[in-house]
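In: Fold the stuff below for me.
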Amino acid sequence: MFRLCVLLFIVSSLFAAERPFVPRSAVVTFGAEEMRNPWNPLDDAGPNVRMNQDTFGRRQNEITMAAWIQDPRVVMGGSNDYRNVDASGGFYVSTDGGYTFADALVTRGPIGVFEAAGDPVAAIDRDGRLWATHIAFDRTTDDGGLYSQYSDDFGQTWSGPLAIAEHINAPGADFEDKPYACCDLSLTSPYLNRHYVSWTRFYASGPSPIFVSHYTGGATPYSTPVQVSESNACQFSCPATGPNGEVYVVFVDYWTARIKVDKSLDGGNTWGADVIVSQVWDLWGQANPCGSFRTPSYPMIACDISGGPRHGWVYVCWVTYNGTDPDVMISHSTDQGATWSTPARVDDGPAGTWQWWQWLAVHPESGDVGVGWLDRRDDPSGCLYLPYATVSTDGITFAPSFPLSTVQCNPTVTNFLGDYNGATFRHGNSFYYGWVDTRNDTGDAYSAWYRLNPPAPQNLVVSAVGNDARLDWNAVESATYQIWYTTDPQGAFATLAGATSDTFFFDTNAFASDAQRFYVVKAVAE
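Out: Down below sits the predicted model:
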């Protein structure tokens with residue numbers, strides 16, 4: 001005699017005497033309520049996926065993520081990619097919703113010109129054009145540049161490198177560093193699909209202000225760079241666009257130890273006054289309890305273009321040292337960056353534990369706010385780390401954070417983990433975080449997604465057919481399903497099917513040895 005058991009599971013769930021130290025990109029320096037802990041399969045988190053496909057054992061780090069707003073199947077990642085010994089800009093593309101990735105582009109800019117490249121930035125516009133931005137440079141000369149390349153066929157082919165700033169055969173040249181980029185996705189913007197890049201220009205004479213340029217599509221593909229920051233000792237900029245074409249850039253002003261934001265209302269051509277968001281106590285320089293990797297505190301920015309109740313809100317997220325350990329912080333503006341809310345802590349890690357390398361994303365359709373970071377709370381020795389994430393549906397309060405992986409990473413296997421990790425939302429309300437993962441070697445580019453409040457398959461029916469069990473359910477908005485079972489609802493679940501588009505499933509010989517089985521069918525985005 002056997003019993004059939006059905007479970008329906010729903011997750012609801014300036015005045016200094018000397019110029020301050022401003023760090024350059026490390027890729028130039030370093031060469032050749034419901035806690036989901038421990039993770040279980042009923043949590044609607046996707047698999048940990050290695051995005052880079054090389055098997056040389058060489059490191060990938062400094063992860064960037066982007067997704068196409070029109071199709072949840074298209075996801076893009078990137079990293080400093082050392083497969084060719086020294087660093088290149090590596091970019092990876094998935095067309096199955098992040099379950100698998102292919103190497104799409106490994107580049108050092110113009111072929112045969114530069115010795116290395118890095119600081120990768122992925123972006124995708126509303127029409128599905130993929131953008132890959134990176135610096136390229138020599139280690140033996142002063143030559144270098146800042147470039148973008150694009151693909152209109154999801155990474156199968158790419159344009160040549162498009163120069164944003166370039167110095168070739170230029171002894172004593174300025175150095176273009178630490179770019180970040182975004183595409184204007186708002187249907188109400190006069191600059192829809194415009195690709196913006198912000199970065200730091202280290203002048204040979206010493207100053208380091210923030211510049212911005214945008215793609216024009218002309219004979220000179222990018223606009224003449226415009227200085228954004230009033231300060232000349234800045235780094236770690238990031239751009240974002242608003243619902244009506246506003247362009248925001250956030251950065252660290254090292255003269256004042258302040259995070260600042262500037263704004264343009266004419267497509268990035270002219271800029272206003274810098275506005276202080278918050279003071280920041282840089283994690284850089286604080287004692288790292290385990291490892292010798294760099295730990296810069298950088299800000300990033302995102303804007304709500306959803307048309308929802310927080311339409312137009314701007315968010316800035318960063319890490320600050322609190323005197324004993326680093327915390328992930330956030331602030332928001334409801335008046336186009338003129339004023340900012342009191343900074344609030346995002347992470348919920350225990351006191352004395354490290355949370356760092358955050359990234360923020362705002363869903364362009366729902367307005368949900370997602371934040372991911374690296375977290376050491378699960379290692380009693382305070383060394384190993386896991387990627388953690390959380391999501392807010394009101395822009396202010398965040399759900400309890402949860403790990404995206406069960407594989408703790410050892411940061412002591414390398415002296416360079418990059419300077420940042422990345423995150424994005426894909427169409428369908430899945431939040432992606434990308435991180436440097438050391439489970440295989442000195443670093444790979446990994447990503448995983450988490451879906452907030454996923455729909456549950458309805459009317460699940462299990463029928464016995466001899467020793468077999470047949471599962472039937474009604475379709476929901478997702479066309480892919482996962483099936484799990486257990487013989488003990490308090491025990492571990494095992495997978496029967498990782499991804500099927502059918503709305504039925506045969507569990508063959510289910511009752512040949514088991515007297516009862518409990519089933520879960522979970523809907524996941526395509």
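In: only C-alpha atoms for contact and neighbour calcs from this point on.
Out: Noted.
In: For residue 185, give me its contacts.
Out: 125-126, 192-193, 241 (Cα atoms under 8 Å, 6 or more residues apart in numbering).
In: top of those by neighbour count?
Out: Counting by other Cα atoms under 10 Å, residue 241 has the largest number of neighbours within these, with 31 neighbours.
In: Setting aside sequence neighbours, what's the nearest residue to that one?
Out: residue 247 (4.5 Å; Cα to Cα, 6 or more residues apart in numbering).
In: pretty sure that neighbour is touching residue 265, no?
Out: Yes - counting by Cα atoms under 8 Å, residue 247 sits close enough to residue 265 to count as a contact (6.6 Å).
In: ok, the two, which is more surrounded?
Out: A direct count of neighbours by other Cα under 10 Å for residue 247 and residue 265 places residue 247 higher, at 24 against 15.
In: Got the phi and psi for the closest residue to residue 279 other than its chain neighbours?
Out: Distances taken as Cα to Cα, 6+ apart put residue 258 closest to residue 279, at 4.3 Å, once the chain neighbours are dropped. According to degrees, to the nearest 10, the main-chain angles of residue 258 amount to phi -120, psi 140.
In: show me the contacts for residue 258.
Out: 252, 276-280 are the contacts of residue 258 under Cα under 8 Å, 6+ apart.
In: Mind pulling the model confidence for it?
Out: With respect to pLDDT, residue 258 has a value of 98.
In: So in terms of bridging, what pairs with it?
Out: Beta-bridge pairing of residue 258 under DSSP bridges involves residue 253, residue 279.
In: mind checking how far it is from residue 330?
Out: 14 Å (Cα to Cα, to the nearest Å).
In: close enough to count as contact, residue 214 and residue 197?
Out: Yes - Residue 214 lies in contact with residue 197 (Cα under 8 Å); the separation is 6.1 Å.
In: for this structure, which spans come out with low pLDDT?
Out: 1-19, 26-45, 429, 452-455, 477-479, 498, 524-526 (pLDDT under 70).
In: ranges for the helices of it?
Out: Under the criterion DSSP state H, helices of the chain are mapped to 26-29.
In: Quickly list the domain ranges of the protein.
Out: Domain ranges of the chain: 3-13+455-524, 280-453, per automatic domain parsing.
In: how about the ones you listed, which one is nearest residue 105?
Out: With Cα to Cα as the criterion, residue 105 lies closest to domain 280-453 of those, at 14.1 Å.
In: show me what contacts residue 469?
Out: Applying Cα under 8 Å, 6+ apart, the residues near residue 469 are 462-463, 506-511.
In: Can you tell me, leaving aside adjacent residues, what's nearest to residue 370?
Out: Using Cα to Cα, 6+ apart, the closest residue to residue 370 is residue 391 (4.3 Å).
In: That neighbour and residue 399 touch, don't they?
Out: Yes - assessed by Cα under 8 Å, residue 391 is found in contact with residue 399 at 5.9 Å.
In: residues near residue 421, how many?
Out: Residue 421: 25 neighbours (other Cα under 10 Å).
In: mind checking how far residue 444 is from residue 304?
Out: 31 Å.
In: no no, residue 47
Out: Using Cα to Cα, which is the criterion applied here, residue 47 is 28 Å from residue 304.
In: neighbour count winner among these two?
Out: Set residue 47 next to residue 304 and count neighbours by other Cα under 10 Å: residue 304 wins out with 28 against 18.
In: So that one is in contact with residue 244, correct?
Out: No - the criterion here is Cα under 8 Å, and residue 304 misses it with residue 244 at 11.0 Å.
In: quick one: buried residues of stretch 155-175?
Out: 155, 158, 161-167, 173-175 (16 or more other Cα atoms under 10 Å).
In: what do you get for stretch 74-90?
Out: 74-83, 86-90.
In: Filter those down to the ones in strands?
Out: In strands, defined here by DSSP state E, the members of those are 75-81, 88-90.
In: Pick out the most distant pair among those residues.
Out: 75 and 88 (20.2 Å).
In: Who does residue 49 form a beta bridge with?
Out: residue 447.
In: circling back: what about residue 391 and residue 399, which has more around it?
Out: residue 391 (26 against 18).
In: tell me the contacts of the more buried one?
Out: 368-371, 398-399, 401, 452.
In: at 7 Å what do you get?
Out: 368-371, 398-399 (Cα atoms under 7 Å, 6 or more residues apart in numbering).
In: distance between stretch 231-248 and the chain's centre?
Out: From the chain centre to the centre of stretch 231-248 is a distance of 17 Å (Cα atoms, centre = their mean, to the nearest Å).
In: Dump the C-alpha coordinates for that stretch into PDB.
Out: Backbone C-alpha positions of stretch 231-248 (Å, rounded to 0.1, in the frame of the first residue of the first chain) are rendered in PDB as follows:
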ATOM      1  CA  SER A 231      36.300  67.600  -7.500                       C
ATOM      2  CA  ASN A 232      39.600  66.500  -9.100                       C
ATOM      3  CA  ALA A 233      40.300  63.600  -6.800                       C
ATOM      4  CA  CYS A 234      37.500  61.100  -7.600                       C
ATOM      5  CA  GLN A 235      37.100  57.400  -8.500                       C
ATOM      6  CA  PHE A 236      34.500  54.600  -8.900                       C
ATOM      7  CA  SER A 237      31.800  56.300 -10.900                       C
ATOM      8  CA  CYS A 238      28.600  54.700 -12.100                       C
ATOM      9  CA  PRO A 239      25.800  56.200 -14.400                       C
ATOM     10  CA  ALA A 240      22.100  55.600 -14.400                       C
ATOM     11  CA  THR A 241      19.200  57.000 -16.400                       C
ATOM     12  CA  GLY A 242      15.800  58.300 -15.300                       C
ATOM     13  CA  PRO A 243      12.300  58.000 -16.800                       C
ATOM     14  CA  ASN A 244      12.500  61.200 -18.800                       C
ATOM     15  CA  GLY A 245      16.100  61.000 -20.000                       C
ATOM     16  CA  GLU A 246      17.700  62.300 -16.800                       C
ATOM     17  CA  VAL A 247      21.300  61.000 -16.500                       C
ATOM     18  CA  TYR A 248      22.800  60.500 -13.000                       C
END
